[in-house]
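Undergrad: Dropping a prediction and its sequence here:
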Amino acid sequence: MSTLPPLPQIIIEPMVRRALEEDFGTGGDLTSNLLVPASARATLYFKSRGTGIISGMEAARLTFALVDPSVKFSVHHGDGSSVRKGTVIATIEGPVRSLLMAERVALNFLGRMSGIASLTAKYVKAVHPHKVRIAATRKTTPGLRALEKRAVLNGGGHTHRGSLSDAIMVKDNHVALAGGIENAVRAIMAGADHMTKVSIEVDTIAQFKKVLKHKPDVILLDNMSLDDLETCVKLNKGKTTLEASGGVNLRTVAKIAATGVDVISVGALTHSVMNFDIGLDA
């Protein structure tokens, strides 16, 4: 189970509130209001329908709290927990109308974030025992980045940049618009704040040699062959952090890790993830 403190509620609440507003439309739950007596109460159980890692529990809890503060939400397996098929991960108790109104939004958060955490865990397992970090990217669902990055952490990965202001990352378009890699690197290294880390993307050995002379904090090796990655590791001699990116999947990640790079960034952790199947049963 994760030892991470929960994200502050002020970060999660706007995401949950927007999701509920979208789901309620202009009239709320027409079906439940017609079929379920206002006095009806029930106890329902969130159950895992597969094996994986749980994430998004705080968003699920907050979903019910915003719909009806009287709903009792009990967590049995929180964020970062490994669960098997059939595991009861949480219990909710309260007015049936409230439970049904919040059900789909809560499951959407739990399913997506648990899917990200579970996929991340597979990548982390695939690169064992190499001392390499699996990192996410900014290829996240608009508006949900904080939760999706947290899900990567729950799966044993690392989050990379959270936003454009977290670090400096010079990519191919920056290089082209700056008039070449040397111009880009000199301008960045001269102007960067001393507290800000600098990452430079390269895609050839020649570019790598030019950038290495300037000693940035990170050099991102984009879509390089395994042989080129190994060459960069040898040339680097531990001077700076090397990050491999591009063409990474569960079939290739172990071979990339074996080249000796320090970080492997994987956009698929957040942009191509399968939902983790969780049900809400009576």
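TA: In hand now; what should we look at? Quick caveat, the model's predicted, so the values are computed rather than measured. Numbering: from 1, shown residues only.

Undergrad: Now do R97 against F46, distance only.
TA: Distance of R97 to F46, given as C-beta to C-beta, to the nearest Å: 18 Å. Every C-beta, even on glycine, is put in place using the N, C-alpha and C of the backbone.

Undergrad: actually D262, not the one I wrote
TA: 38 Å.

Undergrad: same deal with S199?
TA: Distance from S199 to F46, counting by C-beta to C-beta: 39 Å.

Undergrad: More neighbours: which of those two?
TA: Set side by side, S199 and F46 show more neighbours around F46, with 26 against 21, by other C-beta atoms under 10 Å.

Undergrad: what's downstream of the helix or strand containing the more buried one, the next helix or strand?
TA: Counting by DSSP states H and E, the element that carries F46 is strand 41-48. Toward the C-terminal end, the helix or strand that comes next after strand 41-48 (DSSP H and E) is strand 52-53.

Undergrad: Could you give the separation of that following strand from the chain centroid?
TA: Distance of strand 52-53 from its chain centroid, counting by C-alpha atoms, centre = their mean, to the nearest Å, is 14 Å.

Undergrad: Which strands or helices does it pack on?
TA: With contacts defined as 3 or more C-beta pairs under 8 Å, 6 or more residues apart in numbering; DSSP states H and E, the packing partners of strand 52-53 are strand 82-83, helix 96-126.

Undergrad: If we use 6 Å, what do you get?
TA: Contacts defined by 3 or more C-beta pairs under 6 Å, 6 or more residues apart in numbering; DSSP states H and E place strand 52-53 against helix 96-126.

Undergrad: ok, residues contacting the following helix or strand past the helix it packs on?
TA: Counting by DSSP H and E, the next helix or strand C-terminal to helix 96-126 is strand 133-135. Here strand 133-135 makes contact (C-beta atoms under 6 Å, 6 or more residues apart in numbering) with 123-124, 157-158, 160, 263-265.

Undergrad: ok, back up a step: pLDDT averaged over the strand holding F46 - what is it?
TA: Taken as a whole, strand 41-48 has an average pLDDT of 98.

Undergrad: Sheet partners, orientation included, of that strand?
TA: Note on strand 41-48: by DSSP bridges, its sheet partners are strand 88-95 (antiparallel), strand 278-281 (antiparallel).

Undergrad: who wins for proximity to H174 among those strands?
TA: Nearest to H174 among the strands paired with strand 41-48 is strand 278-281; the distance by C-beta to C-beta comes to 41.0 Å.

Undergrad: can you give me the helices for the protein?
TA: 9-24, 30-35, 57-67, 96-126, 145-154, 172-178, 181-191, 205-212, 226-236, 253-257, 268-271 (DSSP state H).

Undergrad: can you put the ones you listed in CSV and add mean neighbour count?
TA: CSV is the format used below for the helices of the chain (neighbours: other C-beta atoms under 10 Å):
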stretch, mean neighbour count
helix 9-24, 15
helix 30-35, 11
helix 57-67, 24
helix 96-126, 23
helix 145-154, 24
helix 172-178, 14
helix 181-191, 16
helix 205-212, 17
helix 226-236, 15
helix 253-257, 19
helix 268-271, 21
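
Undergrad: quick revisit: farthest-separated two in the contacts of strand 133-135?
TA: The widest separation within the contacts of strand 133-135 (C-beta to C-beta) is 14.6 Å, between V124 and H160.

Undergrad: distance of the residue lying closest to G247 once chain neighbours are set aside from L7?
TA: Among residues not flanking G247 along the chain, N223 sits closest, at 5.8 Å (C-beta to C-beta, 6 or more residues apart in numbering). From N223 across to L7, the span is 33 Å (C-beta to C-beta).

Undergrad: If you count surrounding residues, which of these two has more?
TA: A count of neighbours by other C-beta under 10 Å puts L7 above the other of N223 and L7, at 16 against 12.

Undergrad: ok, that one - contacts?
TA: L7 sits next to R150 when contact means C-beta under 6 Å, 6+ apart.

Undergrad: cool, and R84?
TA: Counting by C-beta under 6 Å, 6+ apart, R84 makes contact with T51.

Undergrad: go again using 10 Å as the cut-off
TA: Residues in contact with R84 (C-beta atoms under 10 Å, 6 or more residues apart in numbering) are 48, 50-52.

Undergrad: of these, buried ones?
TA: Applying 16 or more other C-beta atoms under 10 Å to the contacts of R84, the neighbour count classes 48, 50, 52 as buried.

Undergrad: Perfect, that will be all.
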